[in-house]
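Chemist: pasting the sequence and the predicted coordinates here, then a few questions.
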Amino acid sequence: MKKIPSFTINHTKLLRGIYVSRKDEVGGEVVTTFDIRMKEPNREPVLHPGALHTIEHLAATYLRNDDEWKDRILYWGPMGCLTGNYLLLRGDYDSADIVELMKRTFRFIADFEGDIPGAAPADCGNYLLHDLPMAKWEAKKFLTEVLENITEKNLNYPA
C-alpha cells in the first residue's frame, strides 16, 4: 500500500512552524491544507488534549470571524498526534501568506478572557475537556518563540 504524503515528512527533523501540507483541486478551486505545528514531534511533550481542544474552539471562532480571511476558512482542527493543528483555506497559498493571520489568531488565544465559545453541553461533544489557562500558555509560547521570529526553516518542510 502506498504511503500518503504526510507520512513521508521526516518528523525527526520537523520544527515548529507553518507548513503547506498539500494543495488539492476541489470543484475547480485550489484548497490549501496547512500544518500548524506547535510542537516538535517526538522531541518535546505534546499538547494536552484539554488545551488543544480549547485552542481548536478559540482559533476556529477567531478565524471564522476575521474580516480579511473569514470567507476563505474551510476548517481548523487538531492533529491526532497532538502536536498541532490543520488549517484548510480556499485558495492557493504558501506558508508565508498566513504568518500574520496566525500571529493574530494565536495572540487572540493567548489574550482570551471569558467563556470558551461553544463549550457548553449543547454545543460540544466533550464540553468538559477544556483547559483555558494551558491553551493560553501554549498559544503565547508558540506566538513568541515561533511566529514572532519565524524563518524559512519554520515555513518549509525539512528535506
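Modeler: Yep, it's here. Source: prediction; values computed, not measured. Numbers count the residues shown, from 1 in each chain.

Chemist: quick one: what helix or strand has the closest residue to Met134 other than its chain neighbours in it?
Modeler: Spatial nearest neighbour of Met134, chain neighbours left out: Ala51 (3.8 Å); criterion: Cβ to Cβ, 6 or more residues apart in numbering. Just so you know, the C-beta spots here come from the backbone N, C-alpha and C atoms, and that holds for glycine as well. Using DSSP states H and E, Ala51 falls within helix 49-63.

Chemist: how about that helix: buried residues?
Modeler: Neighbour counts over helix 49-63 (16 or more other Cβ atoms under 10 Å) mark 50-63 as buried.

Chemist: ok, so of those, who is nearest Pro117?
Modeler: Checking the buried residues of helix 49-63 against Pro117 by Cβ to Cβ gives Thr61 as the nearest, at 4.4 Å.

Chemist: rewinding a little: return the member of the buried residues of helix 49-63 nearest to Asp131.
Modeler: Gly50 (3.3 Å).

Chemist: can you tell me how far the nearest residue to the closest one once chain neighbours are set aside is from Lys140?
Modeler: Of all residues beyond its chain neighbours, the one nearest Gly50 is Asp131 (3.3 Å), with distances taken as Cβ to Cβ, 6+ apart. Distance from Asp131 to Lys140, counting by Cβ to Cβ, to the nearest Å: 14 Å.

Chemist: cool, Glu29 as well?
Modeler: Taken as Cβ to Cβ, the span from Glu29 to Lys140 is 35 Å.

Chemist: looking at these two now, which is surrounded by more residues?
Modeler: Taking neighbours as other Cβ atoms under 10 Å, Glu29 and Lys140 compare with Lys140 leading, 15 against 10.

Chemist: SS state for the closest residue to the more buried one other than its chain neighbours?
Modeler: Once flanking residues are discounted, Lys140 sits nearest to Ala110: 4.0 Å by Cβ to Cβ, 6+ apart. At Ala110 the chain is in helix, as set by DSSP: H, G, I helix; E, B strand; the rest coil.
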